[in-house]
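Asker: structure, please.
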Amino acid sequence: MVDKKQVQVSFVISITEQNQRNTYKGKAFGELTTKGDLKYLRYIEKTDSGEVTNVWKIGSGHMTILRNGEVSVRQQLHIHTKTEGSYSTPYGTLNHYIETTRLKVMWGLQGEGRIEAAFTTILDEETKRLHEVLLEIKEGSHE
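Answerer: Predicted coordinates:
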């Protein structure tokens, strides 16, 4: 059975690299689709460089984040497991590793949700970025 809902998404994403922290906040409207044990959250984020399509594939104990825009990113999060991802730019694709230290997904009875994640991306032994993510999802549309 497939269940689709229009949702509002609020997000706060902080990225720390070499003691420099950048925080991005925003809101978007999207769609939450449930297929069996998986949920798919899709929304379009407006940035300074254009629109970025975000798809979050959310399972039990794992999640995949796909971002497509000027830069495309694929990140697989599995708690306490090192996974491989990709970071694609107009100049080429870089592979990187992801170490997930926190992944908490909560769903309420009314379809509302909250996702908390913390993970480190490693491009080489010296380039590490700590990502802290908070997404809040509630049913509703922009219409």
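Asker: which strands and helices sit next to the strand or helix carrying Val9?
Answerer: Assigned by DSSP states H and E, Val9 belongs to strand 2-17. Contact analysis of strand 2-17 by 3 or more C-beta pairs under 8 Å, 6 or more residues apart in numbering; DSSP states H and E lists strand 20-35, strand 38-47, strand 128-139 as its packing neighbours. Just so you know, the C-beta spots here come from the backbone N, C-alpha and C atoms, and that holds for glycine as well.
Asker: buried residues in it?
Answerer: For strand 2-17, burial by neighbour count (16 or more other C-beta atoms under 10 Å) applies to 7-9, 11, 13.
Asker: before we move on, back to that, and Gly111, which of the helices and strands packed on strand 2-17 is closest to it?
Answerer: Gly111 sits nearest to strand 128-139 of all the helices and strands packed on strand 2-17, at 4.5 Å, using C-beta to C-beta.
Asker: so what touches the closest one?
Answerer: 5-17, 32, 41, 56, 110-122 (C-beta atoms under 8 Å, 6 or more residues apart in numbering).
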